[in-house]
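Visitor: How does the following fold in three dimensions:
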Amino acid sequence: KTAYVHTQTVAAAVWTITHNLGKYPSVSIVDSANDEVIGEVRYTNTNQVVVTFSAAFSGKAFLN
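Guide: The predicted model follows:
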């Protein structure tokens, strides 16, 4: 498994994403309108990342 897509269905300003990729992946975020959003990415470990935003929203995170 080399990539993971996280769907954030509930609007939140902090997304905790468990991807189980065993690495520190690159992270791309889009909102529900598919516009790219920039957040502060913190790697908890090689299987989890926490992304913090200035406002709550729903969307998707693409990790690879």
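Visitor: in stretch 18-36, what's buried?
Guide: Going by neighbour count (16 or more other Cβ atoms under 10 Å), the buried part of stretch 18-36 is 19, 21, 25, 27, 29. C-beta: built from backbone N, CA, C; applies to glycine.
Visitor: likewise stretch 32-49?
Guide: 37, 39, 41, 49.
Visitor: Just the pLDDT at the second one, thanks.
Guide: Right, Gly39. Per-residue confidence (pLDDT) for Gly39: 98.
Visitor: Give me the below-cutoff pLDDT ranges for the chain.
Guide: Counting by pLDDT under 70, the chain shows no low-confidence range.
Visitor: ok, which stretches of it are helices?
Guide: In the chain, no helices are defined using DSSP state H.
Visitor: With distance to Ala3 added, can I get the buried residues of stretch 32-49 in CSV?
Guide: Listed next are these as CSV, based on distance: Cβ to Cβ, whole Å:
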residue, distance to Ala3
Val37, 19
Gly39, 18
Val41, 16
Val49, 13
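Visitor: quick one, phi psi at the residue nearest to Val51 when sequence neighbours are not counted?
Guide: Once flanking residues are discounted, Val51 sits nearest to Gly39: 4.3 Å by Cβ to Cβ, 6 or more residues apart in numbering. Backbone dihedrals for Gly39, given as degrees, to the nearest 10, come out at phi -130, psi 170.
Visitor: and Gly39, how far is that from Val5?
Guide: Using Cβ to Cβ, to the nearest Å, we find Gly39 at a distance of 16 Å from Val5.
Visitor: ok, now Leu63?
Guide: Applying Cβ to Cβ to Leu63 and Val5 gives a distance of 8 Å.
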